[in-house]
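Colleague: Give me a model of this one.
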Amino acid sequence: QVQLVESGGGLVQAGDSLRLSCAASGRTFRNYVMAWFRQAPGKEREFVAATTWSGGSTYYADSVKGRFTISRDNAKNTVYLQMNSLKPEDTAVYYCATRASRLGSYYYPGSYDYWGQGTQVTVSS
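Modeller: Model prediction:
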């Protein structure tokens, strides 16, 4: 089992920055991909960013490319999402996810095995 705990959400104004953290525990040696998704009220969960645990490759949704940066600290088993130039449309619950397999889409929520409880990000205009 893997446990994921997100933190760092909050209420900010448009243009501000936030950094989300996701601390992983349990059988983290099996983790391969770490990802962030988000879900706004009435909408489906959508991909935000992903990183491979050892290779350092990163992937981003077009809507956040150039504004968000995913990074990881393997010694701390923690993944971060630095969010800059936040917009009201970034408002959502942000979830951290991981999976053991190297196979499968980075972008599809069903490809991930473990999820955190989510952290709310609200961006006011």
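Colleague: Residue 106 belongs to a strand?
Modeller: No - per DSSP: H, G, I helix; E, B strand; the rest coil, residue 106 lies outside any strand segment and is coil.
Colleague: if I look at the closest residue to it other than its chain neighbours, how far off is residue 109?
Modeller: Leaving aside its chain neighbours, residue 106 sits nearest to residue 50 (4.4 Å; criterion: CB to CB, 6 or more residues apart in numbering). Every residue, glycine included, has its C-beta placed from N, CA and C. When distance is defined by CB to CB, to the nearest Å, residue 50 is 11 Å away from residue 109.
Colleague: Which one's more surrounded, these two?
Modeller: Legend: neighbour count by other CB atoms under 10 Å for residue 50 and residue 109, higher for residue 50 (25 against 16).
Colleague: Output the contacting helices and strands for the host helix or strand of that one.
Modeller: Secondary structure from DSSP states H and E places residue 50 in strand 46-52. Secondary-structure packing of strand 46-52 (3 or more CB pairs under 8 Å, 6 or more residues apart in numbering; DSSP states H and E): strand 33-39, strand 58-60, strand 68-73, strand 78-83.
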